[in-house]
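A.B. asks: show me the folded form of this:
(one chain, ligands or ions: 2)
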Amino acid sequence: MKHLVDYTQEVKEALESGKAVVALESTIISHGMPYPENVKMAKEVEQVIRENGAVPATIALMDGRIKIGLTDEDLELLATSQNVRKTSRRDLAYVLSEKEIGATTVATTMICAELAGIQVFVTGGIGGVHRGAETTMDISADLEELSQTNVAVICAGAKSILDIGLTLEYLETKGVPVVGYGTDAFPAFYSATSQFKSNFRVDSPEQVAEMLKMKWGMGLQGGAVIANPIPDESSLDEKEITAIIEDALQQAEAQGVKGKDVTPFLLGKVKELTEGKSLEANIALVMNNARVGAEIAKAYSTN
Ligand code: PSU
Ligand code: MN
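C.D. replies: Ligands and ions are numbered 1, 2, ... in the order given. Take a look at the predicted model:
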């Protein structure tokens with residue numbers, strides 16, 4: 001399916017010369033943050049990756065093509081068009097065959113990154129098992145993807161809009177390693193810790209690179225979650241954010257929000273209820289993940 005892929009010159013050259021490349025998703029731009037903060041964030045995160053010695057490749061779907069690396073115009077279109085489809089695995093073929101504009105979720109970004117030969121992917125938070133999933137069965141396709149596609153995802157853990165405990169159980173069942181970066185804890189996105197632990201702790205990009213090479217060298221399919229805690233100065237008060245998330249969850253239920261709309265709805269509500277503080281924290285943690293992701297991509301490409 002490589003014939004569907006378009007690379008920007010920067011990404012193409014980097015891949016050809018074996019330079020470190022870091023994939024970035026686009027649902028966080030179209031559905032995770034409001035305009036114009038989303039475009040600003042998208043450009044800044046690319047810049048942080050360059051400053052740390054790797055090449056960023058933001059991924060999206062346009063004109064029936066898988067774009068690996070976006071121009072400023074592509075980015076603007078993605079951030080401002082009304083009809084951008086949040087594209088997870090199940091949506092991918094339709095979006096490409098209909099030539100819609102598609103924003104890639106963690107799952108779809110992993111598929112496209114693997115196709116392009118990129119092993120390291122930076123985002124904010126992964127999807128997971130939603131609270132109440134024992135009756136709704138709302139479990140993000142991101143988790144299945146992590147079990148089968150060979151890309152490492154650097155994130156700030158999982159948000160407590162999800163059931164973090166069940167998300168970790170699901171990942172365990174699927175054989176996906178969850179690694180704390182510089183921490184024993186499993187971080188909860190807006191805060192550096194949760195009541196759960198990561199499976200393993202690593203303290204250097206080289207350790208992550210070696211683990212990935214070991215895994216894929218053995219033929220073990222699937223990705224890894226590299227959970228990098230939000231920096232202290234940006235983290236939000238756990239009690240405050242928990243209360244707000246409860247409120248947002250109740251509103252989602254009262255309004256009958258379902259399926260793929262759940263995560264964007266909750267993110268929007270949390271932003272509204274924290275008066276923008278959650279957005280600031282979200283941006284800060286993405287930048288922090290970009291720095292770590294670039295280091296991991298460099299370690300992976302050189303050892
Ligand atoms: N979590 C965030 N921000 C996001 C998302 C999740 O903190 O923008 C997005 C990601 O693209 C993720 C997707 O892959 O939501 C998960 O959606 P769902 O739960 O519908 O699978
Ligand atoms: Mn879902």
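
A.B. asks: what's around the residue nearest to residue 80 when sequence neighbours are not counted, how many residues?
C.D. replies: Closest residue to residue 80 apart from its sequence neighbours, by CB to CB, 6 or more residues apart in numbering: residue 35 at 6.0 Å. (Glycine included, C-beta is placed from N, CA and C.) Residues near residue 35, counting by other CB atoms under 10 Å, number 12.

A.B. asks: I'd say residue 35 and residue 82 touch.
C.D. replies: No: using CB atoms under 8 Å, residue 35 is not in contact with residue 82, being 11.1 Å away.

A.B. asks: for the residue nearest to residue 80, which three-state class applies?
C.D. replies: coil (DSSP: H, G, I helix; E, B strand; the rest coil).

A.B. asks: can you tell me how far it is from residue 163?
C.D. replies: According to CB to CB, to the nearest Å, residue 35 stands 31 Å off from residue 163.

A.B. asks: go on, residue 184?
C.D. replies: On the measure of CB to CB, residue 184 and residue 163 end up 21 Å apart.

A.B. asks: what residues sit buried inside the helix ranked longest in the chain?
C.D. replies: Ranked by number of residues, the top helix in the chain under DSSP state H is helix 277-302. For helix 277-302, the neighbour count (16 or more other CB atoms under 10 Å) marks 277-279, 281-301 as buried.

A.B. asks: what's the answer for stretch 104-114, then?
C.D. replies: With the criterion 16+ other CB under 10 Å, stretch 104-114 contains buried residues 104-114.

A.B. asks: state the mean pLDDT of it.
C.D. replies: Averaged over stretch 104-114, pLDDT sits at 98.

A.B. asks: repeat for stretch 64-74
C.D. replies: The model assigns stretch 64-74 a mean pLDDT of 98.

A.B. asks: quick check: buried residues in that stretch?
C.D. replies: Buried residues in stretch 64-74 (16+ other CB under 10 Å): 66-70, 74.

A.B. asks: mind listing what's buried along the helix or strand containing residue 209?
C.D. replies: Using DSSP states H and E, residue 209 falls within helix 205-217. Within helix 205-217, the residues scored as buried using 16+ other CB under 10 Å are 205-212, 215-216.

A.B. asks: how many degrees apart are it and helix 277-302 in direction?
C.D. replies: Put simply, helix 205-217 runs at 70 degrees to helix 277-302, going by axes from the mean of the first three to the mean of the last three CA atoms, to 10 degrees.

A.B. asks: what strands flank the helix or strand following helix 205-217, and is each parallel or antiparallel?
C.D. replies: Where DSSP H and E defines the elements, the next helix or strand beyond helix 205-217 is strand 224-227. With DSSP bridges as the test, strand 224-227 is paired with strand 152-155 (parallel), strand 178-181 (parallel).

A.B. asks: about what we covered before: of residue 184 and residue 163, which one has the most company?
C.D. replies: The neighbour comparison of residue 184 against residue 163 (other CB under 10 Å) goes to residue 163, with 20 against 10.

A.B. asks: surely the more buried one touches residue 127?
C.D. replies: No: using CB under 8 Å, residue 163 is not in contact with residue 127, being 11.9 Å away.

A.B. asks: quick one: the residue nearest to residue 80 and ligand 1, what's the gap?
C.D. replies: Residue 35 sits 14 Å away from ligand 1, going by CB to the nearest ligand atom, to the nearest Å.

A.B. asks: over to residue 299?
C.D. replies: According to CB to the nearest ligand atom, residue 299 stands 25 Å off from ligand 1.

A.B. asks: then residue 64?
C.D. replies: In this view, residue 64 and ligand 1 are 21 Å apart by CB to the nearest ligand atom.

A.B. asks: also residue 90?
C.D. replies: Where ligand 1 is concerned, residue 90 sits at a distance of 10 Å (CB to the nearest ligand atom).

A.B. asks: fine by me, we can end here.
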